[in-house]
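1. Give me coordinates for this.
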Amino acid sequence: MGRNKKKTGKNGIVATASHTAKDVHFEQSPERKEKPVDYLPPSGRGLRPVPSAGALLHVERQKIVIWRRPFLTTYYFFLELFWLCIDGLIALYNHKKTVLITLFSAGVSIYLYYLPGEHQRYIQPLEKKVLWWLYWIGLGVLSSIGLGSGLHTFVLYLAPHIARVTLAAYECGSLNFPEPPYPDDVTCPETKDIAAGAVSLWSIISKVRIESLMWGAGTALGELPPYFVARGARISGEAPDDEDYKEFLALQTSNVPKEITLMDKLKLKVENLVKNTGFLAILLFASIPNPLFDFAGITCGHFLIPFWTFFGATLIGKALIKMHMQMFFVIFALSEHHAEHLIQQTGKVPRIGPFLQATLTEFLNSQKRKLHRNPGDPANQDGSLLQQIITYLTLLIVIFFLISIVNSFAQNYHKRVSDAKKKRK
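-> Sure thing, here's the model as predicted:
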């Protein structure tokens, strides 16, 4: 009874005890307010990524080519040539002792070269051989580096030389070509040496082995720039302006396997094999003709594989294993019976077969006729269609190679100027 006792307020309003409490509402602090349902975080859609200054300079540098900006490219080419000469003179000045020793040795060698005496009969043949070897080493280097566009000197020079020796060996029945003019030119000997034995595939390989090994050694030397570029960048921490090395770094940081192409997958396989296997993997890739060996050189430089491990495997693979494979293929394909059979098979090609067969037969017969002239007589220029095509094709490839050198030098000068501006800032 006492609990339900009524109370009278000042205004005469009667209320029970259960209605005396007021409703209290608490406001949440701003930090604890829940976000509306329609709130979405910023996605960044519609925003254009701003390329870095280095990327913009790289894009601008790629436009400095002879067919887009001929005058600027030529101007930059001569400026880069000038600065390379200056850098060379500075390097010589910084190594004065080495330069003096080299000049002294060269002076003594020149004096002995022109000094009359019994030694002259040894110097002249040795000079001819050394120059011949250096010629093929230089062609091998050009085939590998190319300053941006490799000059395929095997197809242009070494393979035709092997083919000419092979054709002459079977046509003349001997490998004892008159010297001179061999190796500059090939003619049949006036008398056949019976004691020399029959011509075989292995005897032809022995005849062209030295120039082939020198060419292979040159290609091994030409693989060193990608190795040193990647090694220097890894040690210094700077990113060089090299497309192959940038592609290598992009594959290193790629986390989206679905977007990787087949070529990129092959490059990653090469990287893993070289990194885990070392010498044997480098030897394998150097021995088999493939377009991925530059990537192997970059991988070796990036992972700081020792120089002699890389160069030793490359030299053995390219100069010994791969060159013997290429020599065997060219000599086997162009031996007497195989060459004639191949020409006969071209006659079966629809429409153009008879024309190809007649052209190749004419070219082969003209090459055989040149072998039977007297040593020293000039070769008759019969002007066959295939000979003209080969001449013009070789000329176009050499011109393209020279243009690539001009473009490369001009782009290097642009990078030189860009780096100088960056340092001043």
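2. Okay, buried residues for the longest helix anywhere in the chain please.
-> Criterion DSSP state H: the longest helix present in the chain is helix 385-424. For helix 385-424, a neighbour-count test (16 or more other CB atoms under 10 Å) marks 387, 397, 401, 403-404, 406-415, 418 as buried. (Glycine included, C-beta is placed from N, CA and C.)
3. Equivalent analysis for stretch 68-87, please.
-> Residues of stretch 68-87 classed as buried: 73, 76-77, 79-80 (neighbour count, 16+ other CB under 10 Å).
4. Now flag whichever of the buried residues of helix 385-424 is closest to residue 363.
-> The closest of these to residue 363 turns out to be residue 387 (CB to CB; 6.3 Å).
5. so the closest one makes contact with residue 363?
-> Yes - the pair residue 387 and residue 363 qualifies as a contact (CB atoms under 8 Å) at a distance of 6.3 Å.
6. any weak-confidence spans in the stretch 151-300 of the chain?
-> 151, 192-197, 236-267, 270, 290-292, 294-295 (pLDDT under 70).
7. can you rerun that using 90?
-> Along the stretch 151-300 of the chain, segments meeting pLDDT under 90 span 151-161, 163-208, 219-220, 222-300.
8. Phi first, then psi, for residue 178.
-> phi -60, psi 130 (degrees, to the nearest 10).
9. So it sits against residue 186, correct?
-> No - Residue 178 is not in contact with residue 186 according to CB under 8 Å; the separation is 9.1 Å.
10. Check the secondary structure at residue 304 for me.
-> Put simply, residue 304 is coil when judged by DSSP: H, G, I helix; E, B strand; the rest coil.
11. So what touches the helix or strand encompassing residue 323?
-> Under DSSP states H and E, the secondary-structure element containing residue 323 is helix 323-333. Outside helix 323-333, the residues that touch it by CB atoms under 8 Å, 6 or more residues apart in numbering are 154, 159, 162-163, 166, 201, 204-205, 208-209, 212-213, 215-216, 287, 289, 338-339, 342.
12. ok, 7 Å please
-> 159, 162-163, 166, 201, 204-205, 208, 212-213, 216, 338 (CB atoms under 7 Å, 6 or more residues apart in numbering).
13. For it, list the C-alpha coordinates in PDB.
-> Extracted in PDB, the C-alpha atoms of helix 323-333 (Å, rounded to 0.1, in the frame of the first residue of the first chain):
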ATOM      1  CA  MET A 323      80.800 -23.100 -83.300                       C
ATOM      2  CA  HIS A 324      81.400 -26.700 -84.100                       C
ATOM      3  CA  MET A 325      77.700 -27.300 -84.300                       C
ATOM      4  CA  GLN A 326      77.300 -24.400 -86.800                       C
ATOM      5  CA  MET A 327      80.300 -25.500 -88.800                       C
ATOM      6  CA  PHE A 328      79.000 -29.000 -89.100                       C
ATOM      7  CA  PHE A 329      75.600 -27.800 -90.200                       C
ATOM      8  CA  VAL A 330      76.900 -25.400 -92.900                       C
ATOM      9  CA  ILE A 331      79.400 -28.000 -94.300                       C
ATOM     10  CA  PHE A 332      76.900 -30.800 -94.200                       C
ATOM     11  CA  ALA A 333      74.200 -28.800 -95.900                       C
END
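14. how near is residue 201 to residue 415?
-> According to CB to CB, to the nearest Å, residue 201 stands 50 Å off from residue 415.
15. now swap in residue 288 and tell me
-> From residue 288 to residue 415 the distance is 34 Å (CB to CB).
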